[in-house]
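# sequence plus the predicted model coming up.
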Amino acid sequence: MDEIVLRAMQKWPSVPSVYGWLALDRRGNWSIKGERIVNPAITDFIGRNYARDEQGRWYFQNGPQKVFVKLAYTPFVFRTQGDAARSLKLVAHTGTAVDDLREAFLDEAGALLVNAGCGVGLIDDRDLPGILSSLLGAGGEPLDDRAIEQLLLERVQSTRPTGTLLHLGSQAVPVSLISSADVATGFGFDPDPRPAPGEPEC
């Protein structure tokens with residue numbers, strides 16, 4: 001977090017938290033009360049001071065005050081950088097490079113999620129067509145259009161492996177199917193934080 005934020009937290013440790021104001025959409029855009037934030041300095045500031053508490057609630061530390069975030073899907077949205085299948089890299093919506101990939105998932109709508117060191121994130125749908133060429137069969141062979149289509153058509157009742165790998169840079173991680181309804185619980189985060197009964201809020 002920014003040094004100015006850490007100092008403010010020490011100076012005013014008991015400022016009530018904010019709920020229901022800040023949201024993150026499926027393309028990594030921040031909005032306040034439905035109004036998209038477009039100022040790069042503000043979005044960068046939010047990204048640098050974005051964190052998770054012990055209850056799995058994601059928030060923006062705005063000086064001494066926690067501003068809890070309503071998530072459209074996952075805590076992170078990942079975008080791709082690079083143009084060749086084997087040189088693609090992921091960058092989080094916060095601007096942080098994602099280099100600790102652990103596993104990937106396809107949900108019932110064909111959305112691709114990646115679990116990394118920072119947490120689980122959704123691949124921006126605008127980057128999905130380009131990243132599909134990084135899906136490999138169990139033997140390391142590229143999947144053709146028909147195999148990818150069949151994979152996306154599968155219906156999932158519970159998380160299960162597909163025998164497919166997602167190859168990005170020097171890393172190859174297994175791809176499993178997952179139900180979107182199980183993502184928040186499975187990864188231990190609260191997509192819509194609310195104040196506890198009697199908790200003061202702004």
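Sure thing, it's come through. Keep in mind that what you see is a predicted model, and the values were worked out from it rather than measured. Residues are numbered from 1 along each chain as shown.

# now do the same end-to-end measure for stretch 102-114.
8 Å (CA to CA, to the nearest Å).

# next, the buried residues of that stretch.
E103, A104, F105, L106, D107, E108, A111, L112, L113, V114 (16 or more other CB atoms under 10 Å). C-betas here are computed from N, CA, C, even on glycine.

# then stretch 23-33?
Of the residues in stretch 23-33, those scored as buried under the neighbour-count criterion (16+ other CB under 10 Å) are A23, L24, G28, W30, S31.

# narrow those residues to those in helices?
Among the buried residues of stretch 23-33, no member falls in helices (criterion: DSSP state H).

# pLDDT and distance to V67 for the residues you listed - can I get that in TSV?
Formatted as TSV, the buried residues of stretch 23-33 follow (pLDDT from 0 to 100; distance: CB to CB, whole Å):
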residue	pLDDT	distance to V67
A23	98	11
L24	98	12
G28	98	17
W30	98	10
S31	98	12
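
# could those be laid out in a markdown table, adding distance to G169?
Listed next are those as a markdown table, based on distance: CB to CB, whole Å:
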| residue | distance to G169 |
| --- | --- |
| A23 | 31 |
| L24 | 25 |
| G28 | 20 |
| W30 | 27 |
| S31 | 32 |
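
# out of these, the closest to R57 would be?
Taking CB to CB as the measure, L24 is the one of the buried residues of stretch 23-33 closest to R57, at 12.6 Å.

# what's near enough to touch that closest one?
Residues counted as contacts of L24 (CB atoms under 8 Å, 6 or more residues apart in numbering) are W30, W58, V69, K70, L71, A72, P75, V77, H93.

# count of neighbours near the fifth one?
Other residues near L71 number 23, with proximity taken as other CB atoms under 10 Å.

# find me the pLDDT at it, would you?
pLDDT for L71: 98.
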